[in-house]
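*Asks:* everything below, folded, please.
(2 chains)
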Amino acid sequence: MTRLFRGWFLNPWLQLAICVLLATAAEIFLKRGAEEIADPNDPWSWTGLTGLRSGWVWWGILVSVISLFNWLATIRKLPLTIAFPVGNAVHILVPLSSWFFLGEAILPRRWLGIGLVLVGLLIVAKPAARLEEKL
Amino acid sequence: MTLFAAFLIFVSVGCFVAGQILLKHAMDITARETFSRLHAGRVFAAAIGAFAVNFFVNIGLLQRFDLSYFFPFQGLSVVFIAFAGAWILKEKLTPRLLLGSIIIALGVGLVSLS
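*Replies:* Numbering: from 1, shown residues only, chains lettered A, B, ... in the order given. From the prediction side, this is the model:
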């Protein structure tokens, strides 16, 4: 049973899905944290260092680190030319989560822009992943 | 968006791409049979530094912009990688890379106007 669970959990596709979900969650946490401490009049706020005062930002950091290790585990088993295009699902999940969890109003023009970015990413994903492997 | 904010987005995406390339370079060094720990450590530290700059600049930007507005700009990282590849590896930009880059740039342009 344990072996079956471990085999299922270590499935690279599941790892990739978890990685995408964690990356999305990290962005939401970081945005919540940034909102919590936002002070546009403070010139230091541009540096982002003031963000360390927010617990949400620390959660965001933790989830980002877990997501990074998850990504490294994924690309050990899946070629980058496959993992990279699939990982672009984050570009759909983040705006959807911004709308759903943060209540951001996304006008049609922004949706169109987001859609174009996604289409562009899908077109360049494979050759870009190959280039990244060489770099 | 102010010119300063646009500059910071450029810095953020640039640092993200630099961090990715340096991290991969550090991993490649440690995969060799013999390697200098000091050299690998320096490259790894530079990667972490680039990611840290990217992270904090992002927090600064997120204080001012919606996540759904700011996030699509990160798609530009792929365009940066394509051009870095062409520049560093002297590779030719394929029509597919050029087309995709133009579409991403158009999408980011539309988002920035929203």
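
*Asks:* grab the nearest non-local neighbour of residue A:121.
*Replies:* residue A:88 (4.7 Å; CB to CB, 6 or more residues apart in numbering or on different chains). Using the backbone N, CA and C atoms, a C-beta is placed for each residue, glycine as well.

*Asks:* looking at chain B, which helix or strand does the model trust least?
*Replies:* helix B:76-88 (a mean of 79; mean pLDDT, DSSP states H and E).

*Asks:* so what's the residue most central in space within chain A up against?
*Replies:* The residue lying closest to the centre of chain A (CA atoms, centre = their mean) is residue A:23, at 2.9 Å. The contact partners of residue A:23, by CB atoms under 8 Å, 6 or more residues apart in numbering or on different chains, come to A:64, A:67, A:87, A:90.

*Asks:* and the pLDDT for it?
*Replies:* What the model reports for residue A:23 is a pLDDT of 93.

*Asks:* can you tell me how far it sits from residue A:34?
*Replies:* 17 Å (CB to CB, to the nearest Å).

*Asks:* run a quick neighbour tally on residue 25.
*Replies:* Using chain A here. When counting by other CB atoms under 10 Å in any protein chain shown, one arrives at 20 neighbours for residue A:25.

*Asks:* meant chain B, my bad for not saying
*Replies:* Residue B:25 has 15 nearby residues by other CB under 10 Å.

*Asks:* could you do residue A:130 as well?
*Replies:* As a burial measure, residue A:130 scores 16 neighbours (other CB under 10 Å).

*Asks:* let me see the contact set for it.
*Replies:* A:80-81.

*Asks:* so where does residue B:108 fall, helix or strand?
*Replies:* Element membership for residue B:108 (DSSP states H and E) is helix B:95-113.

*Asks:* just the CA atoms of that helix, as CSV, please.
*Replies:* Output of helix B:95-113 as CSV, limited to C-alpha atoms (Å, rounded to 0.1, in the frame of the first residue of the first chain):
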residue,chain,number,x,y,z
PRO,B,95,10.3,32.1,-37.2
ARG,B,96,8.3,30.2,-34.5
LEU,B,97,10.3,31.9,-31.7
LEU,B,98,9.9,35.3,-33.4
LEU,B,99,6.1,34.8,-34.0
GLY,B,100,5.5,33.6,-30.4
SER,B,101,7.6,36.5,-29.0
ILE,B,102,5.6,39.1,-31.0
ILE,B,103,2.3,37.6,-29.8
ILE,B,104,3.5,37.6,-26.2
ALA,B,105,4.6,41.2,-26.6
LEU,B,106,1.2,42.1,-28.1
GLY,B,107,-0.6,40.4,-25.2
VAL,B,108,1.6,42.2,-22.6
GLY,B,109,0.9,45.5,-24.4
LEU,B,110,-2.9,44.9,-24.3
VAL,B,111,-2.6,44.0,-20.5
SER,B,112,-0.6,47.2,-19.8
LEU,B,113,-3.4,49.3,-21.5
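
*Asks:* where does chain A dip in pLDDT?
*Replies:* Across chain A, the ranges flagged by pLDDT under 70 are A:1-9, A:132-133, A:135.

*Asks:* for chain B, see how far away residue A:21 is.
*Replies:* Residue A:21 sits 15 Å away from chain B, going by CB to the nearest CB, to the nearest Å.

*Asks:* quick check: that residue touching residue A:94?
*Replies:* No - if you go by CB atoms under 8 Å, residue A:21 and residue A:94 don't touch, sitting 11.0 Å apart.

*Asks:* tell me the angle the helix ranked longest in chain B makes with helix B:95-113.
*Replies:* Ranked by residue count and defined by DSSP state H, the top helix of chain B is helix B:3-31. Relative orientation of helix B:3-31 and helix B:95-113, computed by axes from the mean of the first three to the mean of the last three CA atoms, to 10 degrees: 140 degrees.

*Asks:* many thanks, have a good one.
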